[in-house]
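[1] What would the 3D arrangement of this be:
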Amino acid sequence: MKRAVIIAKGEVQRVGYRDTVEKIARKLKLTGFVENLKPYEVRIVAEGEQDTFDEFITQINIGDHPISSISVEDLDARFETATGEFEYFEIKRGATGRMNSESAWMQRVRFCIGLWNLERSQWRSGRRCLKSRIRCLTSKMNTPISSQSSVIRRCRDS
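    Numbers count the residues shown, from 1 in each chain. Below is the predicted model:
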């Protein structure tokens, strides 16, 4: 068993790269995690069989993703002895990433609240927007942390 510590550089944050890495790692039966690093990098710590890592590195080195704007410019990998500390592969979602998403979302809510000050003819569309955002906020508060990101995405897109 080996452990790989990989730093991915390029267009790898806020484009679905961590989700893609998680899917690939699980298919290859690797354990570990993927997380964002400041300012624009992603760290991957994976453990598994040595022969699996060649395939893993090939698959996560995404030049141009056909659907999203994922673009890995560089992968720095170093190998160590596995510790066996992981049961599965997961995405670590730090407070920094969540706060950035939430603060951007809250800016939109504040914008909608600002619509309350519009003239009467514009008031109805502002009220609909605010009601929609409040529903999203309520559903987000009642959602476990593990699925908050999808709720934030839904609220952002509405």
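
[2] going forward, measure contacts between C-alpha atoms and count neighbours the same way
    Fine.

[3] Do me a favour and get the end-to-end distance for stretch 9-27?
    With CA to CA, to the nearest Å as the measure, the ends of stretch 9-27 fall 23 Å from one another.

[4] buried residues in it?
    Buried residues in stretch 9-27, counting neighbours by 16 or more other CA atoms under 10 Å, are found at Lys9, Glu11, Val12, Gln13, Tyr17, Arg18, Val21, Glu22, Ile24, Ala25.

[5] Gly63 - how many residues pack around it?
    Using other CA atoms under 10 Å, Gly63 has 15 other residues around it.

[6] Contacts only, for it.
    Going by CA atoms under 8 Å, 6 or more residues apart in numbering, Gly63 touches Ile70, Ser71, Val72, Glu73.

[7] Among those, which one is most surrounded by other residues?
    Counting neighbours by other CA under 10 Å, Ile70 leads the contacts of Gly63 with 21 neighbours.

[8] mind checking pLDDT for that one?
    Listed pLDDT for Ile70 reads 88.

[9] In this structure it contacts Tyr17, no?
    Yes - using CA atoms under 8 Å, Ile70 makes contact with Tyr17 at a distance of 6.3 Å.

[10] Please name the nearest non-neighbouring residue to Glu41.
    Excluding its sequence neighbours, the residue lying closest to Glu41 (CA to CA, 6 or more residues apart in numbering) is Lys9, at 5.0 Å.

[11] can you pull the contacts of the one you found?
    Contact analysis of Lys9 by CA under 8 Å, 6+ apart lists Tyr40, Glu41, Val42, Val72, Glu73, Asp74, Leu75.

[12] Just the ones in strands from those residues, please.
    Here DSSP state E is the test, and the contacts of Lys9 give Glu41, Val42, Val72, Glu73, Asp74, Leu75 as lying in strands.
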